[in-house]
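**Student:** sequence-free structure coming up:
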Ligand code: SF4
């Protein structure tokens, strides 16, 4: 016999407040439905900010500085310039949050890592700048809201970089990663690019482009960081699978039942005390 005080049935939560979804929210649901509810429905305050999240945002801001300079025609900025952009963004990300660092990591080692990664990125950007056919930047941090499926709330996306190269609309997503991406990692990340590309079809036509080219730019968090440019081929089957995944996830969300899915990821979950009591 079970003690009813211990074995509580999970409570259901109304999803009426959800007016949009995103790639990130769908992934969060797939990883842990309870975390999804804390973050997107109940909007519970986070107990801490994982350093990896603050780092990712600050790194994006620093690379944005490189794209802004390109857009203004002022060439590739100096390392100090982008490092200043990193420092400002890191301080904004962490000033009002309790940052949880990983083992053998602190604010100083995080900054040193940012310096190495930005140095590698600037080398890549300088090489790109010497290529004969330059792409024209259309938008940096491009916000898009579109309807993917009639019975599902609109999708919101924020795309790192949009460029026009000839008749190609080029969509880039920047990643900072512990290690180089292999084929498996690329394959499991394709839905994100497929989602972005689907929402950009109207803009593609408006710009007179004839196809959308998607790519991941991955910068590794290593002693000697490398920049990988990965351009996976997406097919119509990927679009069909994406729509199935989103429809299935939305159907599951609407049940209002958000079970805990305990895993190694709980250690970095900013709701873990509330959720697990430890
Ligand atoms: S602590 Fe674990 S089970 Fe609880 S919400 Fe976070 S990821 Fe899910």
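**Tutor:** Received it, and whenever you're ready, just let me know what you need. Just so we're clear, the structure is a prediction, and the values are computed from it rather than from any experiment. Numbers count the residues shown, from 1 in each chain.
**Student:** pretty sure residue 114 contacts residue 60?
**Tutor:** No. The criterion here is Cβ atoms under 8 Å, and residue 114 misses it with residue 60 at 11.3 Å. Where C-beta positions appear, they are placed from N, C-alpha and C, glycine not excepted.
**Student:** Those two: which is more packed in?
**Tutor:** Using other Cβ atoms under 10 Å as the criterion, residue 114 and residue 60 rank with residue 114 on top: 22 against 17.
**Student:** quick one: contacts for that one?
**Tutor:** By Cβ atoms under 8 Å, 6 or more residues apart in numbering, the residues touching residue 114 are 55, 58, 59, 62, 83, 86, 90.
**Student:** Need those residues in TSV (columns: secondary structure, neighbour count and distance to residue 122).
**Tutor:** Shown next, in TSV, are those (DSSP: H, G, I helix; E, B strand; the rest coil; neighbours: other Cβ atoms under 10 Å; distance: Cβ to Cβ, whole Å):
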residue	secondary structure	neighbour count	distance to residue 122
55	helix	25	18
58	helix	24	16
59	helix	26	13
62	helix	27	10
83	helix	18	10
86	helix	23	12
90	helix	23	18
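**Student:** how far away is residue 277 from the ligand?
**Tutor:** Between residue 277 and the ligand the computed distance is 10 Å (Cβ to the nearest ligand atom, to the nearest Å).
**Student:** What of residue 59?
**Tutor:** For residue 59, the distance to the ligand - Cβ to the nearest ligand atom - is 24 Å.
**Student:** Regarding the nearest residue in space to that residue that is not next to it in sequence, what is its secondary structure?
**Tutor:** Nearest residue to residue 59, sequence neighbours excluded (Cβ to Cβ, 6 or more residues apart in numbering): residue 176, at 5.1 Å. Under DSSP: H, G, I helix; E, B strand; the rest coil, the three-state class of residue 176 is strand.
**Student:** all strands for the stretch 1-150 of the chain, in order.
**Tutor:** Counting by DSSP state E, counting those that start in this stretch, the stretch 1-150 of the chain has strands at residues 49-50, 99-100, 136-146.
**Student:** which of the residues in the longest one are buried?
**Tutor:** Buried residues in strand 136-146, counting neighbours by 16 or more other Cβ atoms under 10 Å, are found at 137, 138, 140, 142, 144, 146.
**Student:** I'd say the first one and residue 161 touch.
**Tutor:** What that stands for is residue 137. Yes. Using Cβ under 8 Å, residue 137 is in contact with residue 161, at 7.0 Å.
**Student:** residues shared between the contacts of those two?
**Tutor:** residue 67.
**Student:** what bridges to the residue in the stretch 51-200 of the chain that the ligand sits nearest to?
**Tutor:** Minimum separation of the stretch 51-200 of the chain from the ligand (Cβ to the nearest ligand atom) falls at residue 100, amounting to 13.0 Å. Listed beta-bridge partners, residue 100: residue 50 (assigned using DSSP bridges).
**Student:** Tell me the confidence at it?
**Tutor:** Looking at residue 100, its pLDDT reads 93.
**Student:** ok now do the residue of the stretch 101-250 of the chain found nearest the ligand, which residues does it touch?
**Tutor:** When scored by Cβ to the nearest ligand atom, the stretch 101-250 of the chain has residue 249 as its residue closest to the ligand, at 15.8 Å. Each residue near residue 249 by Cβ under 8 Å, 6+ apart is listed here: 26, 29, 30.
**Student:** repeat that for 10 Å
**Tutor:** 21, 25, 26, 27, 29, 30, 33, 36, 152 (Cβ atoms under 10 Å, 6 or more residues apart in numbering).
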